[in-house]
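In: below are the sequence and a predicted model; questions follow.
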Protein chains: 2
Amino acid sequence: MKDGPDIARIGALMGDPARANILCALLSGKALTATELATEAGITGQTASSHLKKLMEGGLLTQAKQGRHRYFTLAGPEVGAVLEAVMGLAARKGHLRTRTGPRDPQMRAARVCYDHLAGDMAVRIFDSLQKRGFLAVSTDKGGIALTDDGAGFVSSIGIDLDTLSASRRPLCRACLDWSERRNHLAGGLGAALLTRFTDSGWLRQEPSSRIVHVSPKGEAELKKLFQV
Amino acid sequence: MKDGPDIARIGALMGDPARANILCALLSGKALTATELATEAGITGQTASSHLKKLMEGGLLTQAKQGRHRYFTLAGPEVGAVLEAVMGLAARKGHLRTRTGPRDPQMRAARVCYDHLAGDMAVRIFDSLQKRGFLAVSTDKGGIALTDDGAGFVSSIGIDLDTLSASRRPLCRACLDWSERRNHLAGGLGAALLTRFTDSGWLRQEPSSRIVHVSPKGEAELKKLFQV
DNA sequence: GCAATGCTTCGACACGGATCGAACCATGGA
DNA sequence: TCCATGGTTCGATCCGTGTCGAAGCATTGC
């Protein structure tokens, strides 16, 4: 059984605790510098440099040098999706961190999954879109498509569908939520919704964390939009 | 960023080449003995025993002792799905096995993904079901549901939907195909279709491999059913 | 030009874990 | 009862690699 892609290379990259911490930190979607990632992972700068080099060679990260800083991000949404999927398996098998802090409930409520929203709130938004007939099974890469009604709805929120559709990225994708074990909306539209809600001040991402807070106004507006 | 499930444990389990071979071998869906897995992975029995123990403790495998044999299988469909997802990422990042043998095209054409069909043929079947309006986006765990028309269609093929629906397992799930980068049908229905086609002699799984061969009769019948 | 900061490379060290040989249980058959 | 086969446990070995200190570049700011 030596057929198929080499799963061990990716597994080994995720398998080191320090590298796993780095990847989880980057799941926040933010671009972080090498030293930030080092402190995040609890290692020195030298060690982090070695890890980051390996993650780059493995194709999981991209870097952008800016001045004397070097910013790292996940190589793309598909990397984030796989990380969430592995997290889901880990959660199911009881591989929780030894210290599950008080931040855990907040993570389950609403968090960032690389570039879109995840957690309980994201799942409820997905359900709302589905129940109102805004989503349809598609033969496209994403597996999901917007119906005409759905297109009208998101346009009414102020999402520019034309530019989104022009991108090569699939508009809608289903991403498996590790805490809810159900789907939430990823893809170009998922990312656009997150930026839309953040720009409006409805959502605010906690610094150096994946946790997302909902403002009182956001609470009201989202309830109006999605009946959640 | 010490929040969330422990991704490193799972990663480390997949990260060893011998263990990766074992997991890939079990993606064929068959239950294999410890010695079979040892030869498959190219290691001795003692080493395999140690690896199998770790995979068991990690919750990725289940074992069933039968006589003096010990049969191992993947712990469930969700494990297979994650393995396929990681394979997809590995393929995208160019992490192919050094020796991609002549069997590779056959793998891409049709193969088993733990308990359902994957590869080009599976993707085309999924497309056919979708185009004819047999699938709908759902709020259930799987994210996909059968429409009434779809239920009529699969019943007409001889699938017993009542017993399938009675199971706690989601009826339909979308599983990302590593070779096609598109969805194919997993879940209880996906598994039922595979057994149905195999029992009819339309499909035949190659021994000790994930490759699936299509009989001439199967070719004709599947074309009739799905216009593929 | 000089110092400070961010990051990488080099070298050395130490720990973990993958591996196999040999001995040790368990089951099934003669 | 004895042997053969499938699996596990134990012990020893050895390679890989994660780790950090120190030195070396690169870039920015004074």
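Out: Yes, it's here.
In: which helix in chain A has the most residues?
Out: The helix spanning the most residues in chain A, taking DSSP state H as the definition, is helix A:77-92.
In: torsion angles phi and psi at A:G119?
Out: Dihedral angles of A:G119 (phi, psi; degrees, to the nearest 10) stand at phi 100, psi -170.
In: how much space is there between it and A:L193?
Out: When C-beta to C-beta, to the nearest Å is the yardstick, A:G119 and A:L193 sit 14 Å from each other. In this view, the C-beta of every residue, glycine as well, is placed from N, C-alpha and C.
In: who's more crowded, the two?
Out: More crowded of A:G119 and A:L193, by other C-beta atoms under 10 Å in any protein chain shown: A:G119, with 23 against 20.
In: go ahead and confirm the more buried one touches A:D104.
Out: No: using C-beta atoms under 8 Å, A:G119 is not in contact with A:D104; the gap is 11.2 Å.
In: which residues are common contacts for these two?
Out: Counting by C-beta atoms under 8 Å, 6 or more residues apart in numbering or on different chains, A:G119 and A:D104 have no contacts in common.
In: for chain A, what spans make up the strands?
Out: Counting by DSSP state E, chain A has these strands, from start to end: A:32-33, A:61-66, A:69-74, A:111-113, A:116-118, A:135-137, A:144-146, A:173-176, A:183-186, A:203-205, A:212-214.
In: strand partners of the shortest one, parallel vs antiparallel please.
Out: Right, strand A:32-33. According to DSSP bridges, strand A:32-33 has the following sheet partners: strand A:69-74 (antiparallel).
In: next, the angle from the strand it pairs with to helix A:77-92.
Out: Strand A:69-74 runs at 70 degrees relative to helix A:77-92, counting by axes from the mean of the first three to the mean of the last three C-alpha atoms, to 10 degrees.
In: where does the prediction get shaky in chain A?
Out: Scanning chain A with the threshold set as pLDDT under 70 gives A:1-3, A:97-102, A:228.
In: let me see the domain layout of it.
Out: Following automatic domain parsing, one gets these domains for chain A: A:7-75, A:101-226.
In: can you lay out those as CSV showing distance to B:K53?
Out: Converted to CSV, the domains of chain A look like this (distance: least, C-beta to C-beta, whole Å):
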stretch, distance to B:K53
domain A:7-75, 17
domain A:101-226, 26
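In: ok, the residue nearest the centre of chain A to chain B distance?
Out: Nearest to the mean C-alpha position of chain A, by C-alpha atoms, centre = their mean, lies A:C113 at 1.6 Å. According to C-beta to the nearest C-beta, to the nearest Å, A:C113 and chain B sit 11 Å apart.
In: now do A:A41
Out: With C-beta to the nearest C-beta as the criterion, A:A41 and chain B are 8 Å apart.
In: my read: that residue touches A:C24, true?
Out: No: A:A41 sits out of contact with A:C24 when judged by C-beta under 8 Å, with a separation of 9.2 Å.
In: count of neighbours near A:S50?
Out: A:S50 has 13 neighbouring residues, counting by other C-beta under 10 Å.
In: meant to ask about A:K65, not that
Out: Look at A:K65: counted by other C-beta under 10 Å, it has 8 neighbours.
In: ok, A:C175 - contacts?
Out: A:C175 touches A:81, A:84, A:113, A:116, A:118, A:183-186, A:190, counting by C-beta under 8 Å, 6+ apart.
In: need the contact list for the closest residue to it other than its chain neighbours.
Out: Nearest non-adjacent residue to A:C175, counting by C-beta to C-beta, 6 or more residues apart in numbering or on different chains: A:A186, 3.8 Å away. Neighbour list for A:A186: A:77, A:81, A:113, A:116, A:172-175 [criterion: C-beta under 8 Å, 6+ apart].
In: for ChimeraX, what selects the buried ones among those residues?
Out: Remark: buried members of the contacts of A:A186, expressed as a ChimeraX selection using 16 or more other C-beta atoms under 10 Å in any protein chain shown:
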select /A:77,81,113,116,172,173,174,175
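In: turn the contacts of A:A186 into CSV, including distance to DNA strand C.
Out: Output for those, formatted as CSV (distance: C-beta to the nearest atom of the strand, whole Å):
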residue, distance to DNA strand C
A:P77, 23
A:A81, 26
A:C113, 24
A:H116, 26
A:C172, 35
A:R173, 31
A:A174, 34
A:C175, 29
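In: right, so of the strands of chain A, which gets closest to B:G88?
Out: strand A:173-176 (12.9 Å; C-beta to C-beta).
In: now do that closest one: distance to the chain's middle.
Out: On the basis of C-alpha atoms, centre = their mean, to the nearest Å, strand A:173-176 sits 10 Å off its chain's mean C-alpha point.
In: got it, and stretch A:12-25?
Out: So, by C-alpha atoms, centre = their mean, the centroid of stretch A:12-25 is 16 Å from its chain's centroid.
In: give me the contact status of that stretch with DNA strand D.
Out: Yes: judged by C-beta under 7 Å from any atom of the strand, stretch A:12-25 comes into contact with DNA strand D at A:12, A:16-18.
In: is DNA strand C contacted by that stretch?
Out: No: Stretch A:12-25 does not reach DNA strand C (C-beta under 7 Å from any atom of the strand); its nearest approach is 8.4 Å.
In: quick one, helices of chain A?
Out: A:7-15, A:17-26, A:34-41, A:45-57, A:77-92, A:103-109, A:120-131, A:148-157, A:161-166, A:187-199, A:216-226.
In: if we ignore the residues flanking it in sequence, what's nearest A:D115?
Out: A:A191 (4.3 Å).
In: contacts only, for that neighbour.
Out: Applying C-beta under 8 Å, 6+ apart, the residues near A:A191 are A:77, A:115-116.
In: in contact with the nearest residue to A:M14 once chain neighbours are set aside, which residues?
Out: In space, and not counting its chain neighbours, A:M14 is closest to B:G11: 2.9 Å by C-beta to C-beta, 6+ apart. Counting by C-beta under 8 Å, 6+ apart, B:G11 makes contact with A:10-16, A:20, A:86.
In: next: A:R204.
Out: Neighbouring residues of A:R204 by C-beta under 8 Å, 6+ apart: A:198, A:212-213, A:215.
In: for PyMOL, write a command that selects the buried ones of these.
Out: To isolate the buried members of the contacts of A:R204 in PyMOL, using 16+ other C-beta under 10 Å:
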select buried, chain A and resi 198+212
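In: export the contacts of A:R204 as CSV, with columns for distance to A:A151.
Out: CSV is the format used below for the contacts of A:R204 (distance: C-beta to C-beta, whole Å):
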residue, distance to A:A151
A:T198, 22
A:V212, 26
A:H213, 30
A:S215, 28
